[in-house]
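[1] structural data only, the sequence is not supplied:
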């Protein structure tokens, strides 16, 4: 379907009638493959957007959070909820700010204000959200597709995944003083393994338990076949999975280097579609070495961008709060 047909469907189809009952929708746009420009005849139509919090919620400190319609794969966030997710550089919401102009099916005054303030939400946190997710999922993909890595190489991948998640662990549990590294092992079945130097003072035991539980979960994820990846192989969707993982790296590099969100991947369209269509898969659905060579190229670019970006560590929360207050004040004073 083209964008005109999609707009007409959303405006007239009964299954989208719920959208017309949501208070003051500020943005409706495309998500998923249509947003990235990697759709084909079998692609589902994903709809994303936000709506303003009603006056009553603002004054009472309430929040409807989001409206989700599974049947149409539609998610409409509340304005307040969306800002919280954007502050964390959440990929599912950040990409809403980088669609092509014609992909915005509905864009109100506040929706345009949000797009105009995209840079407010860009920070080095994208390294962990975009890059961290891609790293973890792709390393699992390597295991599921039966690519055998040397023990040292494998341990470094696990370390990279944990390091990308570290900022979440530190904020959640307040645990610092943990130095992780890969070293030679004395164990019979290991050439190398992960080690930790730990120094902690006055840390709640439950926080230590939670921290260790999450780290253990990451390590275990490399040693078992996940049902999601198994299904991807069984249903011949491995190429799509590979494509989206590489796309995450590319989008994150843009954020770090250009300080902008580019959701529609026009320049990389042919390459991404080749990956989706199985160019880098063997007849037995295993991943060709050429894909990992391509991946290594983008990983190097990602590592360089991480070290040389001028983005701040965290977004300017004060400016974001001011933006949030401005919009909510407009709602309360009935200026929208």
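    In hand now; what should we look at? Every value quoted in this text rests on a predicted model; they were computed, and no experiment measured them.
[2] give me the residue at the spatial middle of this structure.
    The centre of the chain sits closest to residue 91, judged by Cα atoms, centre = their mean, with a distance of 3.0 Å.
[3] and it, what does it touch?
    By Cβ atoms under 8 Å, 6 or more residues apart in numbering, the contact set of residue 91 is 129, 130, 133, 248, 251. Where you see a C-beta, it was placed from the backbone N, CA and C, and this is true even at glycine.
[4] neighbour-wise, give me the winner out of the residues you listed.
    When neighbours are counted by other Cβ atoms under 10 Å, residue 130 leads these with 27 neighbours.
[5] so what pLDDT did that residue get?
    Each residue has a pLDDT score; the one for residue 130 is 88.
[6] list the contacts for it?
    So residue 130 contacts 89, 91, 248, 249, 251, 252, 255 (Cβ under 8 Å, 6+ apart).
[7] now for the residues you listed, which pair is the farthest apart?
    Maximum pairwise distance among the contacts of residue 130 (Cβ to Cβ): 14.5 Å, between 89 and 249.
[8] residue 192 pairs with what?
    Judged by DSSP bridges, the bridge partners of residue 192 are residue 184.
[9] run the chain-centre distance for the longest helix anywhere in the chain.
    Among the segments of the chain that qualify as a helix by DSSP state H, the longest is helix 151-173. In terms of Cα atoms, centre = their mean, to the nearest Å, the gap separating the centre of helix 151-173 from the centre of its chain is 17 Å.
[10] now stretch 200-208
    Offset of stretch 200-208 from its chain centre (Cα atoms, centre = their mean): 30 Å.
[11] nearest to residue 171, of the contacts of residue 91?
    residue 129 (12.9 Å).
[12] ok so the closest one is a strand residue?
    No. According to DSSP: H, G, I helix; E, B strand; the rest coil, the state of residue 129 is helix, so it is not within a strand.
[13] now do the same contact list for the residue nearest to it when sequence neighbours are not counted.
    Nearest residue to residue 129, sequence neighbours excluded (Cβ to Cβ, 6 or more residues apart in numbering): residue 89, at 4.7 Å. Residue 89 makes contact with 121, 122, 123, 125, 126, 129, 130, 255, according to Cβ under 8 Å, 6+ apart.
[14] one more pass at 7 Å, please.
    By Cβ atoms under 7 Å, 6 or more residues apart in numbering, the residues touching residue 89 are 121, 123, 125, 126, 129.
[15] out of the residues you listed, who's the most crowded?
    residue 126 (28 neighbours).
[16] what sits against it?
    Neighbours of residue 126 in contact, by Cβ under 7 Å, 6+ apart: 89, 252, 255, 256.
[17] re the thing from before, list the buried residues of the longest helix of the chain.
    For helix 151-173, a neighbour-count test (16 or more other Cβ atoms under 10 Å) marks 152, 154-162, 164-167, 169, 173 as buried.
[18] of those, closest to residue 100?
    Of all these, residue 164 has the smallest distance to residue 100: 29.5 Å, by Cβ to Cβ.
[19] still on that earlier bit, got a markdown table for the contacts of residue 130, with pLDDT, distance to residue 332 and secondary structure too?
    Listed next are the contacts of residue 130 as a markdown table, based on pLDDT from 0 to 100; distance: Cβ to Cβ, whole Å; DSSP: H, G, I helix; E, B strand; the rest coil:
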| residue | pLDDT | distance to residue 332 | secondary structure |
| --- | --- | --- | --- |
| 89 | 93 | 29 | coil |
| 91 | 92 | 32 | helix |
| 248 | 93 | 38 | helix |
| 249 | 93 | 42 | helix |
| 251 | 96 | 36 | helix |
| 252 | 95 | 37 | helix |
| 255 | 97 | 33 | helix |
